[in-house]
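Student: Build me a structure from this.
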Amino acid sequence: MKKEFDVSILKPVCIDEEIINSSKIREYLKNGDIEKVNRFLGRNFSFKGKVITGNSRGKNLGFPTANLSLFGNLIISDGVYGSWIKYGENFYKGALSIGKCPTFKEDERKIEVHIIGFDRIIYGEIIEVYPIFKIREQKKFENIEKLKESIRKDVELIEENLTYPF
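Tutor: As a prediction, the model looks like this:
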C-alpha cells in the first residue's frame with residue numbers, strides 16, 4: 001500500500017548564531033548556564049519535587065529550606081540560583097541550592113530551596129522550581145558565620161534582581 005505525504009524541510013532555529021537543540025540545552029543545564037537554557041527553550045525551565053524532611057540545618061542558620069525529592073533526574077550544575085518557587089497557585093522568590101553542602105562535609109547531593117518570606121510547614125507538598133539565574137558555585141566556608149553572611153547576600157541579590165512576571 002502506497003501512502004502519499006508531503007515533506008517540508010525547515011531551517012534550524014538559531015539564537016546567537018547557535019542552532020537550538022535538546023543536546024545543547026542539556027549541556028547548558030549541566031554547566032549551570034540557566035539563562036541560556038531559558039532563552040533556548042523560549043520559556044523558563046522548571047522542575048517539580050516533593051518537600052521532604054531534612055536535618056533542619058537551614059532553619060538553625062536562620063534560612064529554613066524545603067528539601068526536595070525530585071520526580072525524575074535533574075542534571076543541572078551544582079550551585080546557588082535565584083529562582084521562582086510555585087506553591088499552589090502562588091509564586092515566591094527563592095534561593096535554590098544544589099550540591100553536597102561542602103561546609104558541612106556532606107557526601108549526599110541535595111536540592112533545597114529557601115523560600116523568601118515564607119513560613120509555612122509544607123512537608124509532603126509538591127512545589128515547582130523555576131531557576132532564573134545562577135548566583136555562585138557551591139563552596140566551603142571557613143565557618144558558619146561566613147556561610148550565613150553569604151546566604152544573606154544571596155537573598156539580597158535575589159530580592160533585588162528577580163522580577164515578576166518571569
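
Student: Roughly how far does the residue most central in space within the chain sit from residue 24?
Tutor: For the chain, the residue nearest the mean C-alpha position is residue 131 (3.7 Å; C-alpha atoms, centre = their mean). Taking C-beta to C-beta, to the nearest Å as the measure, residue 131 falls 17 Å from residue 24. All C-beta atoms are positioned from the backbone trio N, CA, C, and that covers glycine.

Student: Then residue 157?
Tutor: For residue 157 relative to residue 24 (C-beta to C-beta), the value is 27 Å.

Student: With residue 144 instead?
Tutor: Computed with C-beta to C-beta, the distance linking residue 144 and residue 24 is 39 Å.

Student: related to what we said a few turns ago, residue 35 is in contact with the residue nearest to the centre of the chain, correct?
Tutor: No - in this structure, residue 131 is not within contact of residue 35 by C-beta atoms under 8 Å, at 9.3 Å.

Student: All the helices of the protein, residue numbers only.
Tutor: Here the chain has its helices, by DSSP state H, at 22-31, 34-41, 57-61, 144-161.

Student: Which positions in the shortest one come out as buried?
Tutor: Judged by neighbour count (16 or more other C-beta atoms under 10 Å), helix 57-61 contains these buried residues: 57-58.

Student: Model confidence for the residue nearest to the centre of the chain, exactly?
Tutor: Note on residue 131: pLDDT of 97.

Student: which one is it nearest to, not counting chain neighbours?
Tutor: residue 81 (4.1 Å; C-beta to C-beta, 6 or more residues apart in numbering).

Student: Residues in a beta bridge with that neighbour, which ones?
Tutor: In this entry, residue 81 is beta-bridged to residue 96, residue 134, by DSSP bridges.

Student: Relative to residue 145, how far out is residue 130?
Tutor: Taken as C-beta to C-beta, the span from residue 130 to residue 145 is 31 Å.

Student: what do you get for residue 123?
Tutor: Distance, residue 123 to residue 145, using C-beta to C-beta: 29 Å.
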